[in-house]
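*Asks:* Kindly generate the corresponding structure for this input.
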Amino acid sequence: MVQSQRQCQVSQSFRYRCNVDCVNDPDNCISANLVKTHADRLVSLGLATLGYTYVNIDSCWSSMSRDVSGNLVANETRFPGGIREVADYVHSKGLKLGLYSNMGPKMGDGSPGLNCNSSNCEQARRDINTMVSWGIDSLKVDGDFGADSIAMNESYPTVGGYLATASNRTGRPVVFECRLGVSPRHSVSPF
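*Replies:* Okay, the predicted model is just below:
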């Protein structure tokens, strides 16, 4: 019992973090530069020939708000050419680019999520079409940070269908990775 209480206390103090400080830590902050560096290293170290072909960007890639039309946009400071430019670079190395989103209204860093719930997944359809148009090869979707855990058996297949439709339009396959369920440490979002 003591152990589970301690785990609960740790989970209540959890705070989402990612390095976005490109002024003081330009080599390690989540940015186009970091993604390109990782792609270069996968190739130069011979890891790509061993099957390590995905460069995945987890959270913290997006702007904190959508554009005036309601579309997702990458953080303009850290991804000045957008995700499409990064995808083109990664593809030029013979690699694939993965991106992250969340089923809820926000991602862990507070940026916009797919906002897919039991009554409406229209924003998710728009976001997926946008991400696929950028040239992604993989999409990881978590179910936390305000996601409707009751509706996940409906929303994940819906989002998967949107991804399949968008992927089929491009003729390029896109892997759909989903994490079903809500992690206890993420169930209460600071946003």
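
*Asks:* Dump stretch 104-112 to CSV, keeping only the CA atoms.
*Replies:* Extracted C-alpha coordinates of stretch 104-112, given in CSV (Å, rounded to 0.1, in the frame of the first residue of the first chain):
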residue,chain,number,x,y,z
GLY,A,104,-7.5,15.0,-27.0
PRO,A,105,-7.8,18.8,-27.6
LYS,A,106,-4.1,19.4,-26.7
MET,A,107,-0.8,17.6,-26.8
GLY,A,108,1.4,17.3,-23.7
ASP,A,109,3.1,20.6,-24.4
GLY,A,110,-0.2,22.4,-24.7
SER,A,111,-0.2,22.6,-28.5
PRO,A,112,-3.3,21.6,-30.5
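
*Asks:* For residue 179, list the residues it contacts.
*Replies:* Contacts for residue 179 (C-beta atoms under 8 Å, 6 or more residues apart in numbering) come out as 140-144. C-beta here means a position set from N, CA and C on the backbone, and glycine is covered the same way.

*Asks:* no wait, residue 36
*Replies:* Contacts of residue 36 by C-beta under 8 Å, 6+ apart are 86, 89-90.

*Asks:* Show me these that map onto helices.
*Replies:* 86, 89-90 (DSSP state H).

*Asks:* Return the member of the residues you listed nearest to residue 176.
*Replies:* Using C-beta to C-beta, residue 90 comes nearest to residue 176 of the ones in helices among the contacts of residue 36, at 18.6 Å.

*Asks:* how many neighbours does that closest one have?
*Replies:* The number of residues packed near residue 90 is 26, by other C-beta atoms under 10 Å.

*Asks:* Which element is encountered next along the chain beyond the longest strand along the chain?
*Replies:* The longest strand of the chain (DSSP state E) is strand 96-102. Where DSSP states H and E defines the elements, the next helix or strand beyond strand 96-102 is helix 122-133.

*Asks:* what does that following helix contact?
*Replies:* Here helix 122-133 makes contact (C-beta under 8 Å, 6+ apart) with 70-72, 83-84, 99, 101, 103, 112, 114-116, 139, 155, 158-159, 162-163, 166-167, 169-170, 174.

*Asks:* those strands in this protein, which residues are they?
*Replies:* Remark: strands assigned in the chain by DSSP E are 54-57, 96-102, 138-142, 175-179.

*Asks:* Now do the same contact list for residue 71.
*Replies:* Residue 71 is in contact with 126-127, 130, counting by C-beta under 8 Å, 6+ apart.

*Asks:* before we move on, what about residue 59?
*Replies:* Counted by C-beta under 8 Å, 6+ apart, residue 59 has contacts 16, 18, 100, 102, 107-109, 111.

*Asks:* in whichever helix in the chain runs longest, what counts as buried?
*Replies:* Assignment by DSSP H gives helix 152-170 as the longest helix of the chain. Residues of helix 152-170 classed as buried by neighbour count (16 or more other C-beta atoms under 10 Å): 152, 155-156, 158-159, 162-163, 166-167.
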